[in-house]
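Colleague: need the 3D shape of this:
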Amino acid sequence: MTTDNRRNRLLRPLRARLSGVRGLPRAVRRGYRARRTARTLTLDEPPHPYGRALGLIAVTLLGGWLGLLVIGAVHAPVGPMDTRMTLRPSLTGGTRINVSPLGDLELGTHYAPVRLDVDVDRLDPVRSQELVDHPDRFAGLQAEVTRDVTRSAADLVLHSCVAVASGATALGLAVYRRPRRALAAGGLALALLGASGASAYATWNPDSVLEPKFSGLLSSAPSVVGNARNIVSEFDVYQKELARLVTNVTKLYDATSTLPVYQPDPTTIRVLHVSDIHLNPGSWRIIASLVKQYRINVIIDTGDTMDHGSAAENHFLDPVSTLGAPYVWVRGNHDSRSTQKYLTGLKHVTVLDEGRVAQVAGVRIAGVGDPQFTPDRSVVAAGDPAERTAGGRLADSLRTQRLAGTPVDIALAHNPVAATEADGLVPLALAGHLHHRERSRLPQGTRLMVEGSTGGGGLRAVQNTKPEQVRASVLYLDRKTRLLQAWDEITLGGLGLSRAEVSRHLPRENQPGAGPSPTGSPSPAREGSGTPSHGPG
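Modeller: Got it, this is the predicted structure:
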């Protein structure tokens, strides 16, 4: 016992030292684990709740977009065509129909952060041949297309929900590595898609097909939505026009190498409105092409055909007699009296000034020349008061014609300030000068249409960093009433550009469901405008 007690006393210090050595690694491991846990929490959780929320939103949006891109498309037959439908993020919404290789057709169907893209993949030869062999089946195309689109839309909604939820969840799991966070991202993606759908439903505009915008080769074929009178008289519901669209796209595919020209109603008067050519020689070829393509009855030029109004420039005007339609002209502030005299002597040209009235192609037109010749620096420009005085002479002529029982159909002036003096005395007034488009209804009911530069700003355009677009408009007038039924706005890329767009517009009183046209309104109603890329000439 004594020996054992002595041995224990000798070993006790050694055991204590060994116990301390064995405990040291555990302490070190505990400290390492604590530091690792703290570092993990710091990396996974942003220090501020706003940062966490913004991060979740970013992951949701990116994941939802990737999901739509990868698995959100739906392949569906629509009538004789095979289409691919997808939803895409967008700031303006709307619908884009890609008819490759002919071009695009854009419709302002809705306002939401998502856009519907419809790509026409191919024309099914079997179904197309059946329509060609049995034209009577076109009568049932409306119901068939409606069913196809309804079924495809429901399928697209389901696919899109799965796509955004899957994409956001997958990206959330990759970023956070936590199932709860990933599911939150997927749920938020579904909520955002639902809100976008509600916005699209609330702003849905089925009449948007009345004002499509064409680009590419489709700009050469406005017949894809029918002629002006047919749109006014026959369009009543969206499904009918959708069937018409499918029918005409079928015809376009049958003749992609020789696209059909626009075929308006034979009784419709077609007016080509041009302005501010500014010595651009390419404008004559463009105008001649539009006259032939649209079968124009009369060309109206609201001035600034020249740049300096010098006698040396007069021979620039010689092609006017060979454009294929009568040419009606009023003087602009860049056109001199010498220019006006030279044009008066050309064939097929009618020059209007001081309220003179002429009947051309069945339309009674009155006009006044611009009172200010700005290139001549010796003359002090009198500004808007001079324009209103000239417009007053135009208004006096319009009143005289009305009292005589021969009312005027269209009033012309170069400057819109002068044209506004015709308010209440004529249904339609045309002007230029601004180098961009403006469409408005004046207080007393006259519609004022200001055209952009058909010369793309003229030769001065080479001085601009950005080319100015070439603009012209085709106006469709009823043969009996000579009232405006519809108009096409034609926009061509400027110097060095080749893009072409044609957009269809109808006056509000001619749109489906519209009531009688008001005789007046308390303030001008803007119907459309453009963005100037060059100052007024």
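
Colleague: so how far is residue 200 from residue 331?
Modeller: 49 Å (Cβ to Cβ, to the nearest Å). For glycine as for every other residue, the C-beta is placed from the backbone atoms N, C-alpha and C.

Colleague: what does residue 294 give?
Modeller: Taking Cβ to Cβ, one finds residue 294 at 35 Å from residue 200.

Colleague: one more: residue 154?
Modeller: In terms of Cβ to Cβ, residue 154 sits 15 Å off from residue 200.

Colleague: with neighbour numbers in mind, choose between the two.
Modeller: Using other Cβ atoms under 10 Å as the criterion, residue 154 and residue 200 rank with residue 200 on top: 20 against 11.

Colleague: residue 112 is in contact with the more buried one, correct?
Modeller: Yes: using Cβ atoms under 8 Å, residue 200 makes contact with residue 112 at a distance of 4.0 Å.

Colleague: what do these two both touch?
Modeller: Residues touching both residue 200 and residue 112 by Cβ atoms under 8 Å, 6 or more residues apart in numbering: residue 93.

Colleague: strands along the stretch 51-200 of the chain, start to end?
Modeller: 74-78, 81-89, 95-99, 103-107, 114-123 (DSSP state E, counting those that start in this stretch).

Colleague: mind checking which of those strands is nearest residue 322?
Modeller: Proximity to residue 322 (Cβ to Cβ) singles out strand 103-107 among those, at 30.5 Å.

Colleague: pairing partners for the closest one, with directions?
Modeller: Applying DSSP bridges to the sheet, strand 103-107 is found paired with strand 95-99 (antiparallel), strand 213-216 (antiparallel).

Colleague: name the nearest residue to residue 316, ignoring sequence neighbours.
Modeller: residue 279 (5.9 Å; Cβ to Cβ, 6 or more residues apart in numbering).

Colleague: er, residue 411 actually
Modeller: residue 422 is the one closest to residue 411 (Cβ to Cβ, 6+ apart), at 4.0 Å.

Colleague: tell me the confidence at the one you found?
Modeller: Residue 422 carries a pLDDT value of 95.

Colleague: about what we covered before: worst mean pLDDT among the strands paired with strand 103-107?
Modeller: strand 213-216 - the lowest mean pLDDT of the strands paired with strand 103-107, at a mean of 66.

Colleague: run through the residues that contact the closest residue to residue 344 other than its chain neighbours.
Modeller: In space, and not counting its chain neighbours, residue 344 is closest to residue 351: 4.9 Å by Cβ to Cβ, 6+ apart. Counting by Cβ under 8 Å, 6+ apart, residue 351 makes contact with 329, 330, 331, 340, 343, 344.

Colleague: 10 Å - rerun?
Modeller: 327-331, 339-345, 358, 367, 369 (Cβ atoms under 10 Å, 6 or more residues apart in numbering).

Colleague: go on, residue 284?
Modeller: Going by Cβ under 10 Å, 6+ apart, the list of residues near residue 284 reads 277, 316, 317, 318, 319, 320, 322, 323, 454, 455.

Colleague: can you do 6 Å?
Modeller: Residue 284 makes contacts with residue 319, as judged by Cβ atoms under 6 Å, 6 or more residues apart in numbering.

Colleague: also residue 474?
Modeller: Here residue 474 is in contact with 272, 294, 488 (Cβ under 6 Å, 6+ apart).

Colleague: again, only using 8 Å
Modeller: 270, 271, 272, 273, 290, 294, 296, 487, 488, 490.

Colleague: for it, give the beta-bridge partners.
Modeller: Assigned bridge partners for residue 474, using DSSP bridges, are residue 272, residue 488.

Colleague: and the residue nearest to residue 344, what pLDDT?
Modeller: On the pLDDT scale, residue 351 gets 96.

Colleague: residue 266 too?
Modeller: Confidence score, pLDDT, at residue 266: 77.
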